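Engineer: sequence and predicted model, in that order:
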Amino acid sequence: MNSDFFQNGEWLPFVFAFLIGLSMLLYAVLDGYDIGVGLLSRSVSSEQRDRMIASIGPFWDANETWLVLGVGLLLVAFPAAHGVVLTNLYLPVALMMIALIFRGVSFDFRKKVAPEAQAKWNHIFFWSSLGIALSQGYMLGRFMIGFQIGLISELFAIFFGLLVVAGYALMGSCWLIMKTEGELQKKSISWAKRAILIMVAGALLSSAVAPFVDTRIYDRMFSFPEITLLIAMPLISVILTLLMRFILAILPLEGDRLNWMPFAISVSIFVLGFLGLVYSFYPYIIPGQLKIVEASAAPASLKVILIGTGVVLPFMVGYTALAYWIFRGKAQELRYD
């Protein structure tokens, strides 16, 4: 690596690619569990639903700021890639935005309207959560295969949408295991037992099918030494799945011991999946179309943007950490005042 790499700012596109990836990963984890809680909120009593929503109340607004940061950085640091993404995903992005709006409105309205109208807003909260998860999974599936067009590609993207629904439901149930107690905690353990099997089975199936949907993924996965790393990640995920199944089988324990472990394991599985995706299409920012260095803005612009990001990012991290510290422990009674 020569000195021009640093002097000419050639390293900046990789820094911004990392920041975008980090923002999207944090969004998927942090907003994923609260979307998962919304997915699980349909088949419970009114009291349990209130407690579930109370568990995410202090966090869900801040969680979505990571999506804003990631999309904003993509726009200013990789404008060419941003254009390709929106051109191919205009409809699912629009549907996701509509679902996000309805979810935010229903979150507040469900307890402020007349009792006879609460059921309607509870349904909207569930269906908007489902719409967000499906649209995000569909977009990720399309992105993975480089926005290829065709029946097989569409089916793969739809399947990935269902996979993300299962993944969010898993994280949501594991979050509730950690934040609730009593009958609701036992229900959450049961939900997690089913969701982990569905998600891991779906993830392994998608990993097996993806190389045959996109030849670029096939070439990366079945070449040495890349294959050793890409095989290791699913194996670790299977081990983590078995560990989670064991822990779920013995929960709840006296004193609520180990109630945090299912959530920690579910996050670890998500992180492994994310790293596997990144490794499968690096150095492309749009798989098979645009490389990181090809799609980036001018180094002079990136330097200015990096300064602004360096100012904003510590505040976001600090606020997130503070919120989770202040509202640690079990969820309290839902209040809107």
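Structural biologist: Arrived safely, thanks for sending. Here the structure is a predicted model, which is why all the values come from computation and not from measurement.

Engineer: going by C-alpha atoms from here, please, whenever you check contacts or count neighbours.
Structural biologist: Noted.

Engineer: so where's the chain shaky on pLDDT?
Structural biologist: Scanning the chain for pLDDT under 70 picks out 1-9, 213-227, 229-230, 332-337.

Engineer: what about the strands in it?
Structural biologist: Assigned by DSSP state E, the strands in the chain fall at 284-286, 290-291.

Engineer: for those strands, which one ends up most surrounded?
Structural biologist: Looking across the strands of the chain with neighbours counted as mean count of other C-alpha atoms under 10 Å, the highest average goes to strand 284-286: a mean of 22.

Engineer: what is that one packed up against?
Structural biologist: Other elements packing on strand 284-286 under the criterion 3 or more C-alpha pairs under 8 Å, 6 or more residues apart in numbering; DSSP states H and E are strand 290-291, helix 292-295.

Engineer: would you mind giving these as TSV with distance to Ala232 added?
Structural biologist: Output for the helices and strands packed on strand 284-286, formatted as TSV (distance: least, C-alpha to C-alpha, whole Å):
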stretch	distance to Ala232
strand 290-291	26
helix 292-295	26
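
Engineer: how much space between the most centrally placed residue in the chain and Ala169?
Structural biologist: Residue closest to the average C-alpha location in the chain (C-alpha atoms, centre = their mean): Ala28, at 1.8 Å. The gap separating Ala28 from Ala169 is 12 Å, by C-alpha to C-alpha, to the nearest Å.

Engineer: ok, now Val293?
Structural biologist: The separation that Val293 has from Ala169, given C-alpha to C-alpha, amounts to 36 Å.

Engineer: looking at these two, which is more packed in?
Structural biologist: Ala169 (30 against 18; other C-alpha atoms under 10 Å).

Engineer: hmm, Val37 and that one touching each other?
Structural biologist: Yes. Assessed by C-alpha atoms under 8 Å, Ala169 is found in contact with Val37 at 6.8 Å.

Engineer: next, count neighbours for Arg328.
Structural biologist: By other C-alpha under 10 Å, 12 other residues sit near Arg328.

Engineer: now swap in Leu26 and tell me
Structural biologist: 19.

Engineer: show me the contacts for it.
Structural biologist: Neighbouring residues of Leu26 by C-alpha atoms under 8 Å, 6 or more residues apart in numbering: Trp66.

Engineer: show me the contacts for Ala81.
Structural biologist: For Ala81, the contacting residues are Leu74, Leu75, Ile285, Ile286, Leu290, Ala295, by C-alpha under 8 Å, 6+ apart.

Engineer: and the residues you listed, which is closest to Gly131?
Structural biologist: Set against Gly131, the nearest of the contacts of Ala81 by C-alpha to C-alpha is Leu74 (23.3 Å).

Engineer: residues near that closest one, how many?
Structural biologist: 24.

Engineer: without its sequence neighbours, what residue ends up closest to it?
Structural biologist: Sequence neighbours aside, His82 is the residue nearest to Leu74 in space, at 5.9 Å (criterion: C-alpha to C-alpha, 6 or more residues apart in numbering).

Engineer: what is the burial count for the one you found?
Structural biologist: Using other C-alpha under 10 Å, His82 has 19 neighbouring residues.

Engineer: what does the one 5 residues further on give?
Structural biologist: The burial metric for Thr87, expressed as a neighbour count using other C-alpha under 10 Å, is 11.

Engineer: so how far is Ala81 from it?
Structural biologist: 10 Å.

Engineer: also Gly310?
Structural biologist: Distance from Gly310 to Ala81, by C-alpha to C-alpha: 22 Å.

Engineer: now do Leu91
Structural biologist: Counting by C-alpha to C-alpha - Leu91 and Ala81 are separated by 17 Å.

Engineer: likewise for Glu10?
Structural biologist: Distance from Glu10 to Ala81, by C-alpha to C-alpha: 17 Å.

Engineer: equivalent analysis for Arg245, please.
Structural biologist: Noted for Arg245: a distance of 40 Å to Ala81, by C-alpha to C-alpha.
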